[in-house]
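Novice: Attaching a predicted model along with its sequence, questions to come.
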Amino acid sequence: MSLSVSLQHRFPGFDLDVAFKAPSGVTALFGQSGSGKTTVVQAVAGLLRPDAGHVAVNEQVLFDSSTKRWLAPHKRRIGYVFQEGRLFPHLSVRQNLHYGQWFGKHRKGDAEFQHIIGMLGIAPLLSRRPAALSGGEKQRVAIGRALLSSPQLLLMDEPLAALDEERKSEILPYLERLRDETKIPIVYVSHTVVEIARLATTIVVIKNGKLIRTGPASEVLGDPALSPALGVRGAGAVLSAQVVAHHADGLTELSVETGQLYLPRITSPVGAWIRVRIAAQDVMLALKQPEDISALNMLEGTVREVRKGAGPGAMVVITVGDQTLLSRITQRSCDALRLAPGIPCYAIMKSVAVAPDDIGTSGFA
Amino acid sequence: MDWLGPQEWQAVALSLRVSLWATLVSLPLGIFVAYALARWHFPGKQLLNGIVHLPLIMPPVVTGYLLLLTLGTQGPVGGLLQNFGIVFAFRWTGAAVAAGVMAFPLLVRAVRLSIEAVDPNLEQAASTLGASSIQVFATVTLPLILPGIIVGAILAFAKAMGEFGATITFVSNIPGQTQTLPSAIYAFLQVPGGEGSAIRLVLVSVAVAMTALLLSELLAVRVARWVRGT
């Protein structure tokens, strides 16, 4: 299962020129508004015809400007979840869900239907009309509708952008289940680091219509060179950790190679692998193991890189086992501790600094 | 309805038949033209728009005369159709054609407005779900513009009921054949003692028009609410 994209398209005052491959799992297209992300997915879906390029899903060529091949959108079998849901107001939720099966040759059985509505938690909504749904419910129905049209690829264009924070947190777990329980590759467009850190297996970073980085999620998120593109507040590495125990005080003990983490509000069962996004600005560094300190989480590691920015800040990359952590500290602290590649150090994090949306199921390839 | 005389009753029945057929036949064509004007870009679009709206602006007599010139038995189209046994001139079918042409701009305007109000994004979403353009139109666009179609159809029907100038010019005023309600009123007013019949037909006319308007309001609101699902 893979998607290969190569596109050139010229808008007035804006040139798009990107090429990337998306393996199975969730490929996140990341970039600021106006960077060209939506244009890419529209071209993949066939809603926009680029000036030149090539799009193929698995071995099937959907668009090739050199051979003038162009497959109409309704023949592409590509599910598309739009930012605003775009449910049909004149149809019930059930009819909306079945819409894709009215025309497709690939019908899903009733078991599949039950599985998908169960996974998305929309069974109680079936007889309602879209007008009677909340924003989060609409979006879940839209996802179900796209899934039930038996797509070979699912495109999600900022599916959470129109929702408030509470609704976003409500839907993220469903998207994780989608990633973990279905085999369909997903291209997920977003400009929010938290969503991407939680969902992506692969990340494609686009800026001003150009590709600036692509790679496995943990690698891309742990790359300090990308902090300007992610935004300094968005910068933060993703750690993979295993649940060891749930303690009576509400904290969950996690193990990473070089130590333990204690984090609140984790629901995954003991033994499960989860991913935790640790924002760079929440990580402190110490050369000696501190004592009598309130922070619960201390990981031993080695400085790999110190990258000083234009302002007073610096981004320090720390290797923890074979994982990476980012720490954003001041250049003054850097100098005081004489941080340089190869120096052993302790990374210190407060448990409560990790927000619930920063914790998700593993989903790494 | 025995307060209507046989000739009066004949005129009412003929008008209803003429208007019904005029509406039914022009409806699919009107939806097609409205869709083309609302959604497609093609050379001659403004010309088509102008031709559709001409009957609204020209004196009805002119429309009727142009119909006679083209669809009359001596006309280019009328002569051709005569070979297939289709004659419009001085027949009730001709009255239906005249009424349909006169009502067409009203129909197209109402439907076009409702098509322009449909979010093209919904149609795009339908195409990503595997629906071809015709299937998208049938399952998304058409249901969403249903209120506009109802309003357009009822307006067209009411306009057809009242059509006079083009009808009398094209198919004359033959009782039982082409004497529609307005033509009958006009005819009764030309003969001494015809005022009574004329007044009764005027009442029928007013009643039909009012019913049509109220019905269209009521139906359009109901259907619009159903379509939105609120």
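Specialist: Arrived safely, thanks for sending.
Novice: Next, A:Y80: secondary structure please.
Specialist: Here A:Y80 is recorded as strand under DSSP: H, G, I helix; E, B strand; the rest coil.
Novice: how deep is the closest residue to it other than its chain neighbours tucked in, by neighbour count?
Specialist: Closest residue to A:Y80 apart from its sequence neighbours, by Cβ to Cβ, 6 or more residues apart in numbering or on different chains: B:T128 at 4.1 Å. No exception for glycine: its C-beta is placed from N, CA and C like everyone else's. Neighbours of B:T128 under the rule other Cβ atoms under 10 Å in any protein chain shown: 26.
Novice: What residues does B:T128 make contact with?
Specialist: Listed by Cβ atoms under 8 Å, 6 or more residues apart in numbering or on different chains, the contact set of B:T128 reads A:A45, A:G46, A:L47, A:P73, A:H74, A:R76, A:I78, A:G79, A:Y80, A:A146, A:S149.
Novice: which outside residues touch the biggest helix by length in chain A?
Specialist: Ordering each helix of chain A by length in residues (DSSP state H) puts helix A:165-181 first. Helix A:165-181 is contacted from outside by A:25-26, A:119-121, A:134-136, A:139-140, A:143, A:147, A:154, A:156, A:159-160, A:163, A:186, A:188, A:195, A:198-199, A:201, A:356-357, A:360-361, A:363, using Cβ under 8 Å, 6+ apart.
Novice: Just the buried ones among those, please.
Specialist: A:25-26, A:119-121, A:135-136, A:139-140, A:143, A:147, A:154, A:156, A:159-160, A:163, A:186, A:188, A:195, A:198-199, A:201, A:357, A:360-361, A:363 (16 or more other Cβ atoms under 10 Å in any protein chain shown).
Novice: Just the ones of these in strands?
Specialist: Using DSSP state E, the subset of the buried ones among the contacts of helix A:165-181 located in strands is A:V26, A:L154, A:M156, A:I186, A:Y188, A:G360, A:T361.
Novice: can you tell me which residues contact the residue of chain B found nearest chain A?
Specialist: Residue nearest to chain A within chain B (Cβ to the nearest Cβ): B:G229, separated by 2.8 Å. Each residue near B:G229 by Cβ under 8 Å, 6+ apart is listed here: A:P89, A:H90, A:S92, A:R129, A:P130, A:A131, A:A132.
Novice: If we go by neighbour counts, what in the helix or strand of chain B with the lowest mean pLDDT is buried?
Specialist: One helix or strand of chain B scores below all others by mean pLDDT, DSSP states H and E: helix B:76-82, with a mean of 86. Of all the residues in helix B:76-82, those buried under the rule 16+ other Cβ under 10 Å are B:G78, B:Q82.
Novice: What are the phi and psi values at B:G194?
Specialist: Main-chain dihedrals, B:G194, degrees, to the nearest 10: phi -90, psi 0.
Novice: What about it, how many residues nearby?
Specialist: B:G194, neighbours per other Cβ under 10 Å, totals 15.
Novice: Assign the closest residue to it other than its chain neighbours to helix, strand or coil.
Specialist: Among residues not flanking B:G194 along the chain, B:F188 sits closest, at 3.4 Å (Cβ to Cβ, 6+ apart). The three-state assignment at B:F188 reads helix, by three-state DSSP.
Novice: From what I see, B:F188 and B:P182 are in contact.
Specialist: No. Applying Cβ atoms under 8 Å, one finds B:F188 not in contact with B:P182, separated by 10.9 Å.
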